[in-house]
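Asker: Model the structure of this input:
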Amino acid sequence: MIRLRHYALSLLAGCLVLFIPLVRDLHIESALLAALTGCFVAVIYAARGDRSTDLRRAGGLITVIYTAGLPLLVYALAVGCYSFHGLGFWIFYPSFSILFGYSITRFFRVTGYRRPAVWGLTVVLIVGLGGFLLEFFTLPQVYFHNHVWGGWPGPIYDEDVRLGTSVIFFRSITLSWVVLLWVFPDVKKNRVFLFLAVAMVINLLLSYTRLAENGVISPREWIQRELGGHHATEHFDIYYDPAAYSGEELGMIAAWHEFHLAELTSALNIDFDYRDSRIESYLYAHPWQKQKLTGAKFTSYVPVWQKTDQMHIAKPAIAPSLRHEMVHVVAKQFGNRILNASWSIGLVEGLAVALDVRTNGIATTDQLVAAAKPYPDARDMKSAFSVTGFYGGRSSVNYTTTGSFVRYLLSEYPVESFREAYRTGRIERCYSASMDDLVAGWHEFLDTVEYDDTQREAAMALFAVPSIFEKPCPHLVTEAFRNFDNYRLLLSEGDTLTALVSLEAAMRLQPDNDRLWSAWTYHKLAMGRFEDVYTSDISTYANYAPLRLQQVDALILGSRYAEAEQLLENVLADTSLSGRGVQNGVVQRADMPAWEKRLRAVYRHHELTAQEALAHGNDIALLYFRQLLATGSYGRIIEQRDSAEMLEFHPAYTDVFLDLAVLFSVELPGDASLRIFEHIDTAFLNEVQKNRVDMTGRFLQFNSNAQN
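Answerer: Okay, here's the model as predicted:
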């Protein structure tokens, strides 16, 4: 029987939870905990009820569990962390799980089973744990729905967690089971119960045949069918959205797949032909499509725990993430038998970072760590290699430091030692050295790494990014952010007009947001609506110098030079403006006809040809080809390859030459790619750029050998 002390204990439990970061928020984590606790309590509590009081007892238990949520609700309202979606998870998670657990034990009790609580606990464990493990090891998704504990939306790095229709649909299945278990023992005595039982069985049958369509599960076959495209290489089956990838783009991506596989198997001393099955690579059109099908939005991932080798990456993340994710695939060959990975998450991610040359474009992984003194000590590194330490700390710090440390281990010790440490998670035993000694050697190496002030600033900024556990309202997303998120989604789908509507809706909610204004001005300039920019009231809301300079650009594009000169003078005289490079920006725009040519190469490149761009100067042509590459206009580039070969190298446009070389290597027979590549002079490049040049050179050689 529910008594006052039960409510008091529940209220106390809720108050104690307030001391636990993330869980103290009235959102999915606390709702999941309440659902799990409530379900198991309900299983035990239902063993001593009777039919006449079962409904009242179940309802009373629900109120007790929800009492624990009151301190969380008060806290959320007090600190401004209240979320409609968080409340939604609390509505649909604990109550349905409690009813589910209660109905199971009640079924065994009223049908005459001895020890109904034991039977109830058995079923709940099978459903709660067994059901999860079945999906975990057989389905590629990283979101889960469960009758016992509610569900999980996906990676913790994707902070915008919303209550979707899939939750409501799945909870309708939970409710169907509750009703069926409740009425089934009396179907012979009560026609209404018989009707309800039949209706619930029909509903369950229909629901279980529509799980994928309603976002409850995502089998590989379903994802393949939803994406629609398939491209096979020697070792890969690439599944992609044909509307998002051109033939030229897919060819380059496929070639990078084979190249990275060859390099990584060599680096880890694995036979290139070791596999008896192919690798499945799922390439999504954009993060929102990937979130819908897998649960992961901006997080690329490899479900290493599954037998089938596979990668899941959205289009914007292919260039920075493909090699990183493929490390996880290759490392499965020496992972443990259960997860096909290491028990140490720091070794898993550290290896991927160590073997990936792409970083933030400014500094290498080693430079970032070397610049962020003091170095992590042995205790810090032990924490970073643990699950709680890695995910509980700052991801930017842990990814970078473990990556640098693993790179050091691979360079100083046999790779076999690392493979054994990876499999067992026991670093000190496999290297026959204490963590103190290993870290001391790493510190000596870091002392030899050179870096400059720019790289130090980059390291400080990166390591200052708080973890999700440090943020006061980790899941609170404003309506302005949701509108901006929808803007990016619509923009990625090519719906520029509707995207602009969402962006302007976000701006009305946050009129002083510089990021929103920057997106709006770029969007308007790209659409050729220059007047909208220079007549807008940016100066009323924004105090960001680059935005005022974009107003100058709009005037220049509109050939209103006199007004542009006046605005430039105002910008230069306004000492209250924030943002770097004001003086340089004003100087660059002094020669307005020349600057207008640059602007047209950026915003109106589709109206130009390569020859016209070259006629305006090499820097204009470089801008022109950069924009063609950014917009995926590979066909136009190939048609104008002769002009591309006439480009003169500039360090600021290293990426243009590398991307052109890769495109020509895949799409054009002959030496066009090498002629482009030979333009590059590494004398003035930073270490990150040099690493990328070196990798691209290896790619060109690999692809040439593969074609021959």
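Asker: Return the distance of residue 606 relative to residue 486.
Answerer: 26 Å (Cβ to Cβ, to the nearest Å). Backbone N, C-alpha and C define where each C-beta goes, glycine included.
Asker: Between those two, which is the more surrounded one?
Answerer: residue 486 (18 against 11; other Cβ atoms under 10 Å).
Asker: Do I have it right that the more buried one meets residue 504?
Answerer: No - look at residue 486 against residue 504 with Cβ atoms under 8 Å: they stay out of range, at 11.7 Å.
Asker: low pLDDT regions in the stretch 201-350 of the chain?
Answerer: 272-276 (pLDDT under 70).
Asker: can you check the chain too?
Answerer: 1, 156-159, 272-276, 359, 580-581.
Asker: same thing but at 80, please
Answerer: Low-confidence segments of the chain (pLDDT under 80): 1-2, 156-159, 271-277, 357-361, 539-543, 575-582, 708.
Asker: what kind of secondary structure is the residue of it positioned farthest from its centre in?
Answerer: Computed with Cα atoms, centre = their mean, the residue of the chain farthest from its C-alpha average is residue 189, at 54.2 Å. In three-state terms, and counting by DSSP: H, G, I helix; E, B strand; the rest coil, residue 189 is coil.
Asker: Residue 196 versus that one, what's the distance?
Answerer: Taken as Cβ to Cβ, the span from residue 189 to residue 196 is 13 Å.
Asker: Quick check on the residue lying closest to residue 29 once chain neighbours are set aside: phi, psi?
Answerer: Closest residue to residue 29 apart from its sequence neighbours, by Cβ to Cβ, 6 or more residues apart in numbering: residue 23 at 4.9 Å. The phi/psi pair for residue 23 (degrees, to the nearest 10) reads phi -70, psi -20.
Asker: Residue 23: neighbour count?
Answerer: 15.
Asker: any idea how far residue 574 is from it?
Answerer: 47 Å.
Asker: swap in residue 638?
Answerer: Where residue 574 is concerned, residue 638 sits at a distance of 46 Å (Cβ to Cβ).
Asker: Next: residue 361.
Answerer: Taking Cβ to Cβ, one finds residue 361 at 31 Å from residue 574.
Asker: what do you get for residue 477?
Answerer: Distance from residue 477 to residue 574, by Cβ to Cβ: 33 Å.
Asker: So between the two, which is more surrounded?
Answerer: residue 477 (16 against 13).
Asker: Just give the nearest non-adjacent residue to the more buried one, would you?
Answerer: Per Cβ to Cβ, 6+ apart, closest to residue 477 is residue 160, 4.9 Å.
Asker: Just confirm the one you found is within a helix.
Answerer: No - counting by three-state DSSP, residue 160 falls outside a helix, being coil.
Asker: Correct me if wrong: it contacts residue 485.
Answerer: Yes - counting by Cβ under 8 Å, residue 160 does reach residue 485; the two are 7.0 Å apart.
Asker: and residue 362, which of the three is it?
Answerer: Residue 362 ends up coil, using three-state DSSP.
Asker: what are the ranges of the strands in the stretch 1-150 of the chain?
Answerer: 144-146, 150-152 (DSSP state E, counting those that start in this stretch).
Asker: is it possible to export those to CSV including distance to residue 399?
Answerer: CSV is the format used below for the strands of the stretch 1-150 of the chain (distance: least, Cβ to Cβ, whole Å):
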stretch, distance to residue 399
strand 144-146, 25
strand 150-152, 22
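Asker: so which of these gets nearest residue 87?
Answerer: Nearest to residue 87, of all the strands of the stretch 1-150 of the chain, is strand 150-152, at 13.9 Å by Cβ to Cβ.
Asker: And the closest one, what does it pack against?
Answerer: helix 28-45, helix 94-110, strand 144-146, helix 165-183 (3 or more Cβ pairs under 8 Å, 6 or more residues apart in numbering; DSSP states H and E).
Asker: Contacts for that strand, please.
Answerer: 28, 31-32, 35-36, 89, 92-94, 96-97, 143-145, 167, 170 (Cβ atoms under 8 Å, 6 or more residues apart in numbering).
Asker: one step back: quick check: which of the strands of the stretch 1-150 of the chain is nearest to residue 407?
Answerer: Here strand 150-152 is closest among the strands of the stretch 1-150 of the chain (Cβ to Cβ), at 32.5 Å.
Asker: That closest one: how far from the chain's middle?
Answerer: In terms of Cα atoms, centre = their mean, to the nearest Å, the centre of strand 150-152 is found 19 Å from the chain centre.
Asker: partners of it in the sheet?
Answerer: In the sheet, strand 150-152 lines up against strand 144-146 (antiparallel) (DSSP bridges).
Asker: And the strand it pairs with, how far out from the chain middle?
Answerer: 20 Å.
Asker: go on, stretch 408-425?
Answerer: 28 Å.
Asker: Using PDB, write out every CA atom in that stretch.
Answerer: The C-alpha coordinates for stretch 408-425 follow below in PDB (Å, rounded to 0.1, in the frame of the first residue of the first chain):
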ATOM      1  CA  TYR A 408      53.800   8.200 -29.900                       C
ATOM      2  CA  LEU A 409      53.300   4.500 -29.000                       C
ATOM      3  CA  LEU A 410      53.000   3.400 -32.600                       C
ATOM      4  CA  SER A 411      56.200   5.400 -33.600                       C
ATOM      5  CA  GLU A 412      58.300   4.200 -30.700                       C
ATOM      6  CA  TYR A 413      57.200   0.600 -30.100                       C
ATOM      7  CA  PRO A 414      56.300  -2.400 -32.300                       C
ATOM      8  CA  VAL A 415      52.700  -2.300 -33.600                       C
ATOM      9  CA  GLU A 416      52.200  -5.800 -32.200                       C
ATOM     10  CA  SER A 417      52.500  -4.400 -28.700                       C
ATOM     11  CA  PHE A 418      49.700  -1.900 -29.400                       C
ATOM     12  CA  ARG A 419      47.500  -4.500 -31.000                       C
ATOM     13  CA  GLU A 420      47.700  -6.600 -27.800                       C
ATOM     14  CA  ALA A 421      47.100  -3.600 -25.600                       C
ATOM     15  CA  TYR A 422      44.100  -2.700 -27.800                       C
ATOM     16  CA  ARG A 423      42.700  -6.200 -27.400                       C
ATOM     17  CA  THR A 424      43.100  -6.500 -23.700                       C
ATOM     18  CA  GLY A 425      42.900  -2.900 -22.600                       C
END
